[in-house]
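[1] Take a look and give me a structure for this.
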Amino acid sequence: MIGVAFVPVLALGDLTDGGTGLGLCSAGLRWCDNSYFIGPEILAMLTIVIAFLLALFHYAGKGIWLLERRKQDELRRRGLL
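    Modelled structure (predicted):
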């Protein structure tokens, strides 16, 4: 998840080194003619990806918790815990 949030830093670093900004400016920073909406579009995309990853981690944690609880309930039922 930190890697997703680090993408804009990578793009800026690439632009300052004379690159294309990970495809953001195809001819480099000098000839970059992107609209004013590119920043909010990237922010929205990163927000959606981070929210999806958070939800995925949340439900994975709930699934693990549920499996552990079932395991403990089974052990209690057998009198082993």
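[2] where does the helix or strand where residue 44 lies sit relative to the chain's centre, distance-wise?
    In the assignment (DSSP states H and E), residue 44 maps to helix 38-78. From the chain centre to the centre of helix 38-78 is a distance of 13 Å (Cα atoms, centre = their mean, to the nearest Å).
[3] residue contacts, residue 81?
    72, 75 (Cβ atoms under 8 Å, 6 or more residues apart in numbering). Yep, even glycine has a C-beta here, placed from its N, CA and C like the rest.
[4] what does residue 73 give?
    Here residue 73 is in contact with no residue (Cβ under 8 Å, 6+ apart).
[5] Next, find the distance separating it from residue 81.
    9 Å (Cβ to Cβ, to the nearest Å).
[6] And what about residue 19, helix, strand or coil?
    Three-state assignment for residue 19 (DSSP: H, G, I helix; E, B strand; the rest coil): coil.
[7] pLDDT wise, what is it at?
    On the pLDDT scale, residue 19 is placed at 73.
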